[in-house]
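In: take this sequence and fold it.
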Amino acid sequence: MLLNEGPKSFFRGYIPSLFLATYGMIQMYSYENINFLLGYQSGLKMTWDNFMIPFMTGGFSKCFASATLMPVNVVRLRL
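Out: You can find the predicted model right below:
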């Protein structure tokens, strides 16, 4: 790669990768807000409802973060 494309080829996806660092922030922000909207309170006795709400909102927040950053990920892969 160094011989064919030069040393700049190692850093082509660097800028989009910096934007992808916000993935965890988007995921945790959406997780906390969805739990708040659903009225989930942590620290209560573990019942089926108290287990399923964080489980489902965790999956949804991960999907939301992935969908939000999908265009940036496509640009990074194309570079």
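
In: going forward, measure contacts between C-alpha atoms and count neighbours the same way
Out: Will do.

In: quick check: phi and psi at residue 13.
Out: phi -100, psi 20 (degrees, to the nearest 10).

In: that one: what's it in contact with?
Out: Neighbouring residues of residue 13 by Cα atoms under 8 Å, 6 or more residues apart in numbering: 76-77, 79.

In: return the closest of these with respect to residue 7.
Out: residue 79 (14.2 Å; Cα to Cα).

In: so the closest one sits against residue 12, correct?
Out: Yes - the pair residue 79 / residue 12 is scored as a contact, 5.8 Å apart, by Cα atoms under 8 Å.

In: circling back to that earlier point, dump the contacts of residue 13 to TSV, plus neighbour count, pLDDT and distance to residue 39.
Out: Shown next, in TSV, are the contacts of residue 13 (neighbours: other Cα atoms under 10 Å; pLDDT from 0 to 100; distance: Cα to Cα, whole Å):
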residue	neighbour count	pLDDT	distance to residue 39
76	17	82	38
77	12	81	39
79	11	74	43
